[in-house]
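Undergrad: the following comprises the amino acid sequence and a computationally predicted model.
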Amino acid sequence: MSEPKIETLQRVYAAFGRGDLDTILAALADDIDWTSVSDEADPVVPWYGRYRGKNDVPRFFKEIGSAVQVTEFTPLSFTANDTDVMVAIRWSFTVTATGKSVALHMQHWWRFADGKIVFVRTCEDTARTAAAFS
């Protein structure tokens, strides 16, 4: 059985791997509420914080792209209900400024309405990520 929300996210993750921001943005609602790890910006990890609206989300990807080289990004499992999808991911990166590498698991929580992504929350081991920046 296919699940349209999971299929959308598989396309989004594949687009991330190709650096295809247009495909990612096409899946988002105009008023998306996207928070990476915390509502508060972290001065150490540049992509942590809240991104409001489709026009602000490219800043999230710019911060990642300018700070690290992603060496692995593997979605491991998808779990869905009527509105939400939870994804377990393994990812690795090397921080450009320090040369330090880290490999860890993270979770993404996606919420859909009318076929578009309206809400994103990410969670990862913030201490390990921050340590790679110092």
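TA: Sure thing, it's come through. Numbering: from 1, shown residues only.

Undergrad: going by C-alpha atoms from here, please, whenever you check contacts or count neighbours.
TA: OK.

Undergrad: pretty sure Phe16 contacts Gln10?
TA: No: contact between Phe16 and Gln10 fails when scored by CA atoms under 8 Å: they sit 9.9 Å apart.

Undergrad: where does the protein dip in pLDDT?
TA: Scanning the chain for pLDDT under 70 picks out 1, 39-42.

Undergrad: next secondary structure element downstream of the helix ranked longest in it?
TA: In the chain, assigned by DSSP state H, the helix with the most residues is helix 4-18. Next in sequence after helix 4-18, counting helices and strands by DSSP states H and E, comes helix 21-26.

Undergrad: just the C-alpha atoms of that following helix, please, in CSV.
TA: Provided in CSV are the C-alpha atoms of helix 21-26 (Å, rounded to 0.1, in the frame of the first residue of the first chain):
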residue,chain,number,x,y,z
LEU,A,21,15.8,23.2,-3.3
ASP,A,22,13.0,23.9,-5.8
THR,A,23,11.5,20.4,-5.3
ILE,A,24,11.7,20.7,-1.5
LEU,A,25,10.0,24.1,-1.6
ALA,A,26,7.2,22.8,-3.9
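
Undergrad: and it, what other elements does it pack with?
TA: helix 4-18 (3 or more CA pairs under 8 Å, 6 or more residues apart in numbering; DSSP states H and E).

Undergrad: got the buried residues for the helix it packs on?
TA: Within helix 4-18, the residues that count as buried by 16 or more other CA atoms under 10 Å are Lys5, Ile6, Thr8, Leu9, Val12, Tyr13, Ala14, Phe16.

Undergrad: make CSV from these and add distance to Pro58 to it.
TA: Formatted as CSV, the buried residues of helix 4-18 follow (distance: CA to CA, whole Å):
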residue, distance to Pro58
Lys5, 21
Ile6, 22
Thr8, 18
Leu9, 17
Val12, 14
Tyr13, 15
Ala14, 16
Phe16, 12
